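**Student:** Provided below are the primary sequence and the corresponding predicted coordinates.
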Amino acid sequence: MKVIVIGAGVLGVSVARHLSVAGAEVLLLDRRGAGTGTSATTFAWTNANRKHEVDYHRLNVAGMEEHARLAGRLPGPPSYFPSGALHWADGASEQRLVSNVERLLSLGYAAHFVTPRDAARIAGGLRVPRAVTAVAHFPGEGYVLPGLFLETLLSDARRHGAEYALGEVVALDDRPDGVSVTLAGGETVRGDRAVLATGRWTQGLAARAGIDVPMVTDTGPGAQTVGLLGYVRSPALGLRCVIHSPGLNLRPAADGHTVVQALDLNAQVDPAAPPSPDGYLAATLVRRLRALLPGPGGAPVIDLRVGFRSLPVDGRTVAGHASAGSRVYCLVSHSGITLAPVLGRLAAAEITTGEEQDLLRAFRPTRFLGVRRRDAEVDQRATALGDQ
């Protein structure tokens, strides 16, 4: 079986690797280069923490478990770290944290409260402000170094026989006897199946094949798809786990560095005029981080990067063939980092064996058939967007 995987972000590379391991002939295509889309700008927290729908929670728990299994099989330096995560709450957010912990415990999810002193010990390198009134510890969560993770997956996919090439797909033909993919310049590539893993570009390319995968496509100022990340160049914090504090989220990066995120600032980001390193948004991140540092020192130095999320209109993962007779498998999710290993494995199994995987049953693209877009849309701001 020849499978053409379109899109070399974390989902596309993961499914390409699993297909190759299963013995399929795989061609992986990307128009710009592996990991240059959404996968390049992600907070990369692995979790099932705020996934309120039971099916979605189950899928994300499976994603966390799959990360642990996959880490033992991939060669090279580790890119997945089951560090745990801490959520700090102040008086305004304590009840929400308590309610969330109670909900997660009812689902069998590992969670418990710790003292601020224990939180400081677990976190490493940070001061817990006096305004923090409650701290929850989620020991099963963690984070990924996304660039290294994707590089390792791609290397392993190629080691198992996958072919990777740059090429912009301009047309996708879904036929009963197979698929054909037309590249910019006119070249046509044929295969038995295609996987559409093109992130926020999914809706446009799917439409060219007569497939409806409605996405949130607005990328203007304050759009739900827009997210801001800060990369702390100094000081080196030596952070030990993922932190969610009032006003600032943090995760460890390579070589003692840190990635930071303030979700409330996203609405002020205009991608057409990216925030400057000496502007208001940068100064706000510096001020919030400085408040968490344990001692005197110079102002933190933070580089900013604007990213775009992959958001199906109903907020839920899309995984499955476009229709009963389709040869095109659609794969897109806001929780790509957490879900990449398990979605890659399950999607590859469905493609190569034709056997339906139970965990994916609730996420088929066929749910959009005959549904008006406004009926499928949900308020994405009601969820914790950006911290996946």
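**Tutor:** Looks like it came in fine.
**Student:** how many neighbours does residue 94 have?
**Tutor:** Using other C-beta atoms under 10 Å, residue 94 has 14 other residues around it. For every residue, glycine as well, the C-beta is placed using N, CA and C.
**Student:** cool, residue 349 as well?
**Tutor:** Using other C-beta under 10 Å, residue 349 has 17 other residues around it.
**Student:** For the most far-flung residue of the chain relative to its centre, give me phi and psi.
**Tutor:** Relative to the mean C-alpha coordinate of the chain, counting by C-alpha atoms, centre = their mean, the farthest residue is residue 296 (35.0 Å). The phi and psi torsions at residue 296 (degrees, to the nearest 10) take the values phi -70, psi 160.
**Student:** And for residue 210?
**Tutor:** phi 80, psi 20.
**Student:** Just to be sure, residue 349 is in a helix?
**Tutor:** Yes. Judged by DSSP: H, G, I helix; E, B strand; the rest coil, residue 349 forms part of a helix.
**Student:** Which residue comes closest to it once chain neighbours are left out?
**Tutor:** Closest residue to residue 349 apart from its sequence neighbours, by C-beta to C-beta, 6 or more residues apart in numbering: residue 357 at 5.9 Å.
**Student:** Measure how buried that neighbour is and give me the count.
**Tutor:** If you count neighbours by other C-beta under 10 Å, residue 357 ends up with 17.
**Student:** wait, doesn't it sit right on residue 344?
**Tutor:** No. Counting by C-beta atoms under 8 Å, residue 357 does not reach residue 344; the two are 11.8 Å apart.
**Student:** who touches both of the two?
**Tutor:** Taking C-beta atoms under 8 Å, 6 or more residues apart in numbering as the criterion, residue 357 and residue 344 do not both touch any residue.
**Student:** for residue 344, helix, strand, or coil?
**Tutor:** Three-state call for residue 344 (three-state DSSP): helix.
**Student:** whoops, I mixed them up, residue 194
**Tutor:** strand.
**Student:** Residue 271 too?
**Tutor:** coil.
**Student:** ok, now which ones touch the residue nearest to it when sequence neighbours are not counted?
**Tutor:** Once flanking residues are discounted, residue 271 sits nearest to residue 306: 5.3 Å by C-beta to C-beta, 6+ apart. By C-beta under 8 Å, 6+ apart, the residues touching residue 306 are 41, 226, 227, 228, 269, 271, 274, 275.
**Student:** give me that answer again for 10 Å
**Tutor:** 41, 219, 226-229, 266, 269-275 (C-beta atoms under 10 Å, 6 or more residues apart in numbering).
**Student:** ok, now residue 96?
**Tutor:** So residue 96 contacts 87, 89 (C-beta under 10 Å, 6+ apart).
**Student:** What is the end-to-end distance of stretch 227-242?
**Tutor:** 18 Å (C-alpha to C-alpha, to the nearest Å).
**Student:** hmm, back to that, pretty sure the residue nearest to residue 271 belongs to a strand, no?
**Tutor:** Yes. Under three-state DSSP, residue 306 sits within a strand.
**Student:** Give the buried residues for stretch 329-336.
**Tutor:** Within stretch 329-336, the residues scored as buried using 16 or more other C-beta atoms under 10 Å are 329, 330, 331, 332, 333, 334, 335, 336.
**Student:** and which of the contacts of residue 306 is nearest residue 365?
**Tutor:** residue 219 (22.1 Å; C-beta to C-beta).
**Student:** residue contacts, residue 178?
**Tutor:** 2, 4, 190, 191, 192, 193, 194, 327.
**Student:** Hmm, residue 312 is touching residue 212, no?
**Tutor:** No. In terms of C-beta atoms under 10 Å, residue 312 does not count as a neighbour of residue 212; the distance is 11.2 Å.
**Student:** Pick out whichever of these two has more residues nearby.
**Tutor:** residue 312 (26 against 18).
**Student:** Look up the closest residue to that one, ignoring the ones flanking it.
**Tutor:** Distance criterion C-beta to C-beta, 6+ apart; nearest residue to residue 312, sequence neighbours excluded, is residue 318 at 5.3 Å.
**Student:** For beta bridges, what are the partners of the one you found?
**Tutor:** With DSSP bridges applied, residue 318 shows beta-bridge pairing to residue 332.
**Student:** Return the distance of it relative to residue 350.
**Tutor:** Counting by C-beta to C-beta, to the nearest Å, the gap from residue 318 to residue 350 is 13 Å.
**Student:** what's the spatially closest residue to residue 239 that is not a sequence neighbour in contact with, if anything?
**Tutor:** Spatial nearest neighbour of residue 239, chain neighbours left out: residue 252 (4.5 Å); criterion: C-beta to C-beta, 6+ apart. Contacts for residue 252 were tallied using C-beta under 10 Å, 6+ apart; they are 81, 83, 124-125, 142-143, 145, 237-243, 258-259.
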